[in-house]
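K.L.:
no sequence on this one, just coordinates:
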């Protein structure tokens, strides 16, 4: 029997994947986390254009969350790849009927 690696098949989908537990962004609000990486423009059941953020808790556990928060997405787009990982706390502030999420120092 041949091994898959011997079949000469190339993998079509080379997207980055984060193999860790998914949480809600509300689970990490007001907690210090280490943002390790992100994937922009992910389509989910809630819509297109979401960002998937990989992080590490202060206890060392890996996690990920989806966000469509414009302020977080714009900030992540501005951070050079060589500046990852970085430590932050995500704060949520009420704005009308919703919330605005921001990285803080």
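P.N.:
In hand now; what should we look at? As the structure is a prediction and not an experimental result, all values here were calculated from the model.
K.L.:
what packs against the longest strand seen in the chain?
P.N.:
Counting by DSSP state E, the longest strand found in the chain is strand 32-44. The elements that strand 32-44 packs onto, with contact taken as 3 or more Cβ pairs under 8 Å, 6 or more residues apart in numbering; DSSP states H and E, are strand 47-57, strand 62-67, helix 70-78, strand 86-95. C-beta coordinates here come from the backbone N, C-alpha and C atoms, glycine included.
K.L.:
how about a cut-off of 10 Å?
P.N.:
With contacts defined as 3 or more Cβ pairs under 10 Å, 6 or more residues apart in numbering; DSSP states H and E, strand 32-44 has these neighbours: strand 47-57, strand 62-67, helix 70-78, strand 86-95, strand 98-104.
K.L.:
mind putting those in TSV, mean neighbour count included?
P.N.:
Formatted as TSV, the entries for the helices and strands packed on strand 32-44 read as follows, by neighbours: other Cβ atoms under 10 Å:
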stretch	mean neighbour count
strand 47-57	17
strand 62-67	18
helix 70-78	14
strand 86-95	13
strand 98-104	14
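K.L.:
could those be laid out in JSON lines, adding mean pLDDT?
P.N.:
Formatted as JSON lines, the helices and strands packed on strand 32-44 follow (pLDDT from 0 to 100):
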{"stretch": "strand 47-57", "mean pLDDT": "97"}
{"stretch": "strand 62-67", "mean pLDDT": "97"}
{"stretch": "helix 70-78", "mean pLDDT": "97"}
{"stretch": "strand 86-95", "mean pLDDT": "95"}
{"stretch": "strand 98-104", "mean pLDDT": "92"}
